[in-house]
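1. take a look and give me a structure for this.
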Amino acid sequence: MFENTYIQQRIQKANSLRELGLNPYRNDSKVDLNNKEFLNKFSFLKDLESNEKKKEDSRVWVKGRVKFLRLMGKASFIKIEDSTTILQVYFSQNELGDLFKVLKKNLEVGDIVNVYGFPFVTKTGELSLHAIEFKLLTKSIVPLPEKFHGLSDIELRYRQRYLDLIVNQDVKETFIIRSKIISLMRKFFESKGFLEVETPMLHPIPGGANARPFVTHHNALNVERYLRIAPELYLKRLIVGGFEAVFEINRNFRNEGIDHSHNPEFSMIEFYWAYHTYEDLIELSKELFCFLLDSLGLSKNLLFGDMNIDFTSFTTISYKDSLTKIGNIAETIVNDKDKLEKFLLENNIKLDKDLSYGKLLNEAFDNFVESKLINPTFIIQYPIDISPLARRNDADLMIADRFELFVGGREIANGFSELNDPLDQLDRFLAQVAEKEKGDEEAQYMDEDYVWALGHGMPPTAGQGIGIDRLVMLLTNNKSIKDVILFPAMKPVIENYNIHDIVETK
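-> As a prediction, the model looks like this:
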């Protein structure tokens, strides 16, 4: 796999270092300051007189990957990058002696180095490190791309994320922000008295969402298991058990399509709050978004693609009203199943046979409403037959005490007052089983143990899930989910195409 001519030349340089007694893969690094700390600590040198712009008595070790190399006769400049920033390093034959000649011949962009020296300011005003010791820690045998953004195969960024992170600082920053968002969410819920828990990822029965599961086999038990599609039913078992506020930051797996907002493996936070309602969750969601925006230093008028999203106010509208007022579908059509089905077919929307009224409403919502919900909007009062785990509304048994939050034309969160009537839950599971027998692969399975748990009594509870990947997309202004997942799902590499053969050089 390393047959490329340029790679072979680099391998030869690594072998040359070995012949000189220098290990090209050392393991004796020292670090006193990262690059950002170095630049901050010695920034005062820039303000001093020209004859004082160095501090030889402050000697430190730094490290990083060589991103730029300018070799001259008896002196050279390189720029090295660590996880914080780029630092310029000057080294010369005067300090390094014979090692300078070795480095001049064998050092290349991509190598990882460890340098000891003192700070000084160059004639051009750049704070740099004057090296007096130099270690080549790791020899890079595969060249970095010369112009990464010019690669014709954009999928290489996702297939070789390590390369993407090496070359593109803005990509690295996205994932730093992602980590901060998850940390802030944990901090927010803990401050509200929620307990973080962990529940199984291998389920005997897939549940908690309408989705097609991945199936695996447990060899020791000799049984099928399903990768988690949602942690909901386990988290609500904990509410039955006496915990009153729990959350889980979890990975879920759904055997479905891949597009700009869907990945089969994705992250969510789900939280359940006893003695509260879905209205309480709506207020909590507003508070959470304000907390995240403030903590990240983001404006409440957030740019997302070509959209300007206003987080200074949140809209709440019922499901049916959204169809008439936002989707511009006549009320007479929305309120009549036959007319609605005819309307959808006339608008070239493919429909499965024998869809329920609620599922027809859902088709109308997906096609005529969702993409128009740019500013934060809570859609409430969902049809009960597309809400198999939500509590029925007391005033209208055909709707659920449920909401979904949409921002930027996409669903960000789903929450509801939980169904805690075991007999009603049993009936709804049976209805889901009937749908599955008709061919609906996303219908839910019967979970008798969960119904049995409800039989012991679950207090009135509200629960919610927030898609972390879509949230990060929103807060980092990325339009593709692949840009916020370190290693997204990808199609297999096509035959006769080897991504390892793509090497750009000068």
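
2. quick one: residue 133 and residue 94, what's the gap?
-> Counting by C-beta to C-beta, to the nearest Å, the separation of residue 133 from residue 94 is 13 Å. Yep, even glycine has a C-beta here, placed from its N, CA and C like the rest.

3. of these two, who's got more company?
-> residue 133 (15 against 10; other C-beta atoms under 10 Å).

4. what is the burial count for residue 344?
-> 21.

5. residues in contact with it?
-> Neighbour list for residue 344: 351, 360, 363-364, 367 [criterion: C-beta atoms under 8 Å, 6 or more residues apart in numbering].

6. Three-state assignment for it, please.
-> helix (DSSP: H, G, I helix; E, B strand; the rest coil).

7. could I have the CA atoms of the longest helix anywhere in the chain written out in CSV?
-> Longest helix in the chain by number of residues, with DSSP state H as the criterion: helix 169-191. Taking Å, rounded to 0.1, in the frame of the first residue of the first chain, the C-alpha atoms of helix 169-191 are listed here in CSV:
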residue,chain,number,x,y,z
GLN,A,169,-8.2,24.1,11.4
ASP,A,170,-11.9,25.1,11.0
VAL,A,171,-12.9,21.4,11.0
LYS,A,172,-11.0,20.8,14.2
GLU,A,173,-12.7,23.8,15.7
THR,A,174,-16.1,22.3,14.8
PHE,A,175,-15.4,19.2,16.9
ILE,A,176,-14.0,21.3,19.8
ILE,A,177,-17.3,23.2,19.8
ARG,A,178,-19.2,19.9,19.7
SER,A,179,-17.4,18.7,22.8
LYS,A,180,-18.2,21.9,24.5
ILE,A,181,-21.9,21.6,23.6
ILE,A,182,-22.1,18.1,25.1
SER,A,183,-20.3,19.3,28.2
LEU,A,184,-22.6,22.3,28.6
MET,A,185,-25.7,20.1,28.2
ARG,A,186,-24.4,17.8,30.9
LYS,A,187,-23.7,20.8,33.2
PHE,A,188,-27.2,22.3,32.5
PHE,A,189,-29.1,19.1,33.4
GLU,A,190,-27.0,18.4,36.4
SER,A,191,-27.7,21.9,37.7
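
8. which parts of it are buried?
-> Across helix 169-191, burial judged by 16 or more other C-beta atoms under 10 Å covers 171, 174-175, 177-178, 181-182, 184-185, 188-189.

9. repeat for stretch 217-226
-> 225-226.

10. wouldn't residue 164 be in contact with residue 175 here?
-> No - if you go by C-beta atoms under 8 Å, residue 164 and residue 175 don't touch, sitting 10.0 Å apart.

11. if you rank every helix and strand of this protein by mean pLDDT, what lands last?
-> The helix or strand of the chain with the lowest confidence, counting by mean pLDDT, DSSP states H and E, is helix 156-159 at a mean of 88.

12. let me see the mean pLDDT of the helix or strand following that helix.
-> Counting by DSSP states H and E, the next helix or strand C-terminal to helix 156-159 is helix 161-167. The pLDDT scores in helix 161-167 average 90.

13. can you lay out the buried residues of helix 169-191 as a markdown table showing pLDDT?
-> Below are the buried residues of helix 169-191 laid out as a markdown table (pLDDT from 0 to 100):
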| residue | pLDDT |
| --- | --- |
| 171 | 92 |
| 174 | 97 |
| 175 | 97 |
| 177 | 98 |
| 178 | 98 |
| 181 | 98 |
| 182 | 98 |
| 184 | 98 |
| 185 | 98 |
| 188 | 98 |
| 189 | 98 |
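
14. which ones among the contacts of residue 344 lie within helices?
-> Using DSSP H, the contacts of residue 344 in helices are 360, 363-364, 367.

15. ok, and the most crowded of the residues you listed?
-> Neighbour max across those (other C-beta under 10 Å) = residue 364, 23 neighbours.

16. count the residues that sit near the closest residue to that one other than its chain neighbours.
-> Among residues not flanking residue 364 along the chain, residue 323 sits closest, at 5.7 Å (C-beta to C-beta, 6 or more residues apart in numbering). Residues lying near residue 323 (other C-beta under 10 Å) number 24.

17. check residue 105 too.
-> 11.

18. please tell me how far it sits from residue 413.
-> Where residue 413 is concerned, residue 105 sits at a distance of 58 Å (C-beta to C-beta).

19. thinking again about what came up before, any chance of the buried residues of helix 169-191 in CSV, plus distance to residue 477?
-> Shown next, in CSV, are these (distance: C-beta to C-beta, whole Å):
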residue, distance to residue 477
171, 13
174, 9
175, 14
177, 10
178, 13
181, 13
182, 18
184, 18
185, 19
188, 22
189, 25
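
20. closest to residue 469 among those?
-> Set against residue 469, the nearest of the buried residues of helix 169-191 by C-beta to C-beta is residue 178 (8.7 Å).

21. so what's that closest one closest to, chain neighbours aside?
-> residue 472 (4.7 Å).

22. what residues are up against the one you found?
-> Residue 472 touches 174, 177-178, 181, 478, 484, counting by C-beta under 8 Å, 6+ apart.

23. and if we set it to 7 Å?
-> 178, 181, 484 (C-beta atoms under 7 Å, 6 or more residues apart in numbering).

24. what helix or strand does it sit in?
-> Going by DSSP H and E, residue 472 is in helix 468-476.

25. give me the mean pLDDT for that helix.
-> Rounded mean pLDDT across helix 468-476 is 97.

26. repeat that for stretch 331-350.
-> The pLDDT scores in stretch 331-350 average 96.

27. in it, which residues are buried?
-> 333-334, 340-341, 343-344.

28. then stretch 397-410?
-> Quick answer for stretch 397-410 (16+ other C-beta under 10 Å): 399-410.

29. before we move on, what about stretch 472-484?
-> 472-476, 478, 481-484.

30. okay, now that stretch: how far is its last residue from its first?
-> The first and final residues of stretch 472-484 sit 7 Å from each other (C-alpha to C-alpha, to the nearest Å).

31. dump the buried residues of stretch 397-410 to JSON lines, plus distance to residue 271.
-> Converted to JSON lines, the buried residues of stretch 397-410 look like this (distance: C-beta to C-beta, whole Å):
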{"residue": "399", "distance to residue 271": "23"}
{"residue": "400", "distance to residue 271": "19"}
{"residue": "401", "distance to residue 271": "17"}
{"residue": "402", "distance to residue 271": "15"}
{"residue": "403", "distance to residue 271": "14"}
{"residue": "404", "distance to residue 271": "16"}
{"residue": "405", "distance to residue 271": "14"}
{"residue": "406", "distance to residue 271": "19"}
{"residue": "407", "distance to residue 271": "18"}
{"residue": "408", "distance to residue 271": "22"}
{"residue": "409", "distance to residue 271": "25"}
{"residue": "410", "distance to residue 271": "20"}
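
32. let me have those in JSON lines, extended by pLDDT and distance to residue 8.
-> Putting the buried residues of stretch 397-410 into JSON lines (pLDDT from 0 to 100; distance: C-beta to C-beta, whole Å) gives the following:
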{"residue": "399", "pLDDT": "96", "distance to residue 8": "68"}
{"residue": "400", "pLDDT": "97", "distance to residue 8": "65"}
{"residue": "401", "pLDDT": "97", "distance to residue 8": "67"}
{"residue": "402", "pLDDT": "98", "distance to residue 8": "62"}
{"residue": "403", "pLDDT": "98", "distance to residue 8": "61"}
{"residue": "404", "pLDDT": "98", "distance to residue 8": "56"}
{"residue": "405", "pLDDT": "98", "distance to residue 8": "55"}
{"residue": "406", "pLDDT": "98", "distance to residue 8": "54"}
{"residue": "407", "pLDDT": "97", "distance to residue 8": "51"}
{"residue": "408", "pLDDT": "96", "distance to residue 8": "48"}
{"residue": "409", "pLDDT": "95", "distance to residue 8": "50"}
{"residue": "410", "pLDDT": "95", "distance to residue 8": "48"}
